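1. I need the structure of the sequence given here:
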Amino acid sequence: MKPAAFAYHRAHDVADAVGLLSDLAARGREPKAIAGGQSLMPMMSFRLARPSDLVDLGRLRDQPGMTEIAHTGSTLRLGAMTTHRQVELARLGPDFAVLAEAMRYVGHLPIRSRGTVGGSLVHGDATAEWCMLALLLDAVIVAEGPNGRREIPAGEMFYGFYATAVEADEVVTEVRFTRAAPKAALTEFSRRAGDFATVAAAVTLEPRADGSLEGGRVVLGGVAPAPLRVPEAEAVLAGGAPGPELFAACGRAAAEAIDPRGDAQGSADYRRALTRTLVARSLGQAWERGDR
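-> Numbers count the residues shown, from 1 in each chain. Here you go, the predicted model:
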């Protein structure tokens, strides 16, 4: 299919983009900003999304900081127009290596070369790697709008199916990852390489000096309308001895805590089974990778 008719606008900078979006919304239009277009355009082609206007953010790549990858103390800053491929090739250091490693799951090379960090977060797909990583590493999403700049914690970002806290007249300018995680991993299962994940699991581990665990974090994709933290699984890790038995118990706790919906990709029971396996696998990888 082809997209429904829409009007095209090209923004020159962030202020121009905000002005265009605000003006169009005030006139009763339904505009959408487009960055890499790797998620929005397929939805438009299937007419699952029918914006009246597209505001192209492509020229924002040339604006200062919009494609920058920078460390500030224990925080990693990514400009919103940074592509998945840029992150995949970047040397992020051990504290944020999971970001680069997770990019191999994002579609295929052409998609990673065009799609952007900010675009993925605003799109809000429950299986998107960036949405899960934002929850995992306490990201802060910075948006510019007609009322100025505001910061959105990842825990307040995702509402449900493709629904986020970013308003229609706002433009995301940067993402800050504030939680360093040298022991972290993301794994997922899809029917074919490059497909959307049926289920995905992202985890961190926090070891103590005596070899036990202070705790950890478990985030799932594909089991709820939005990426999901699972405190029931995280509670299993606290004070435990890291190893296959604890990681399997954590996987079971995660599977028992969720209430996934079945669809053409798999039944609810199938998603629970994948959750058990992927959580345990991610924890094992996180424990091993943290010693690099």
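
2. Pull the residues that contact the helix or strand containing Asp16.
-> According to DSSP states H and E, Asp16 maps onto helix 14-26. Contact partners of helix 14-26, identified using Cβ atoms under 8 Å, 6 or more residues apart in numbering, comprise 9, 11, 31, 33, 52-53, 55, 57, 60, 63, 144-146, 168-171, 173. All C-beta spots, glycine's among them, are computed from the backbone N, C-alpha and C.

3. rerun at 6 Å
-> Taking contacts as Cβ atoms under 6 Å, 6 or more residues apart in numbering, the residues outside helix 14-26 that touch it are 9, 11, 31, 53, 55, 57, 144-146, 168-169, 171.

4. which of the residues you listed are buried?
-> Among the contacts of helix 14-26, those buried by neighbour count (16 or more other Cβ atoms under 10 Å) are 9, 11, 31, 53, 55, 57, 144-145, 169, 171.

5. Export these to CSV and append columns for distance to Gly37.
-> Rendered in CSV, the data for the buried ones among the contacts of helix 14-26 read as follows (distance: Cβ to Cβ, whole Å):
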residue, distance to Gly37
His9, 14
Ala11, 14
Pro31, 14
Asp53, 14
Val55, 12
Leu57, 10
Glu144, 20
Gly145, 21
Asp169, 19
Val171, 15
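
6. Phi and psi next, for the residue of the chain most remote from its centre.
-> The centre of the chain is farthest from one residue, Asp210, which by Cα atoms, centre = their mean lies 33.1 Å away. Per-residue torsions, Asp210: phi -80, psi 0 (degrees, to the nearest 10).

7. pLDDT at it, what is it?
-> Confidence at Asp210, expressed as pLDDT, is 92.

8. Surely Ala201 and Val279 touch.
-> Yes - the pair Ala201 / Val279 is scored as a contact, 4.7 Å apart, by Cβ atoms under 6 Å.

9. Quick check: closest non-adjacent residue to Gly266.
-> Ranked by Cβ to Cβ, 6 or more residues apart in numbering and with sequence neighbours excluded, the top spatial neighbour of Gly266 is Thr198, at 5.4 Å.

10. Helices along the chain, start to end?
-> Remark: helices of the chain, listed N- to C-terminal, are 14-26, 40-45, 84-89, 97-102, 109-114, 117-123, 129-136, 231-237, 244-257, 268-289; assignment by DSSP state H.

11. right, and the pair among the buried ones among the contacts of helix 14-26 with maximum separation?
-> With distances taken as Cβ to Cβ, the most widely separated pair in the buried ones among the contacts of helix 14-26 is Asp53 and Glu144, at 18.6 Å.

12. Now for Val203: which residues touch it?
-> For Val203, the contacting residues are 218, 282-283, 286, by Cβ under 6 Å, 6+ apart.

13. Put together TSV for those, with neighbour count and pLDDT on each row.
-> Putting the contacts of Val203 into TSV (neighbours: other Cβ atoms under 10 Å; pLDDT from 0 to 100) gives the following:
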residue	neighbour count	pLDDT
Val218	29	98
Ser282	27	98
Leu283	30	98
Ala286	25	97
